[in-house]
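Visitor: quick one: sequence plus predicted model below, questions after.
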Amino acid sequence: MSRPAALEYLTRVRDDPLRAGAALKALYTAGLIDGDEPIVTEALERQNDTAERRGRAERVLVARQPVRHDGTAVVAVVARADATDVLFHHTGPFGTALAPPSLTDDHGTRYVPAHWQPVSASGRRGMVAIGTWRYLPAAPAAANRFTVTRGDAWWAVD
């Protein structure tokens, strides 16, 4: 892929937080983009704005029984004024385990990850992490049950 093609692709996906984040990471790693182009600066600013947007916590739904799949346990869902957060605990190698899973609710809302990695995480030696995945939109007030899905694994929080 050429630099012009990389910039054109980034322009096309800039409104999709997950695709734009993945594109920024891949294109930068490949050396196809840097911070000199206005579209790169704009995409980075959008990523930061989206990841930071959260609003006040309106409801916290705690998992009744934290179930661990491939080292990951979903601990809670936080319904915020501007976003929806999923709090997790992970043990074992990080790898792709920290990529955001799918999130839906009992009203059919499909949430889009605000970032391609956790918006916050703290860990020790790449083996234990406590973190937050942030999603858009904010959860509707009527949503009472959330399902987090990764492959065949799923967690229910209500």
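Guide: Good, I have the coordinates.
Visitor: for the rest of this, base every contact and every neighbour count on C-alpha atoms.
Guide: OK.
Visitor: shaky segments in this protein?
Guide: 17-18, 21, 25, 35, 44, 46-54, 94-97, 123-126 (pLDDT under 70).
Visitor: and it, what are its domains?
Guide: 3-52, 57-157 (automatic domain parsing).
Visitor: counting neighbours, what do you get for residue 60?
Guide: 15 (other CA atoms under 10 Å).
Visitor: tell me what it is bridged to.
Guide: residue 78 (DSSP bridges).
Visitor: can I take it that residue 9 is in a strand?
Guide: No: under the criterion used here (DSSP: H, G, I helix; E, B strand; the rest coil), residue 9 is helix, not part of a strand.
Visitor: wait, a helix at residue 19?
Guide: Yes: using three-state DSSP, the secondary structure at residue 19 is a helix.
Visitor: check contacts around it.
Guide: Residues in contact with residue 19 (CA atoms under 8 Å, 6 or more residues apart in numbering) are residue 13.
Visitor: now the one 3 residues further on
Guide: The neighbourhood of residue 22, defined by CA under 8 Å, 6+ apart, consists of residue 116.
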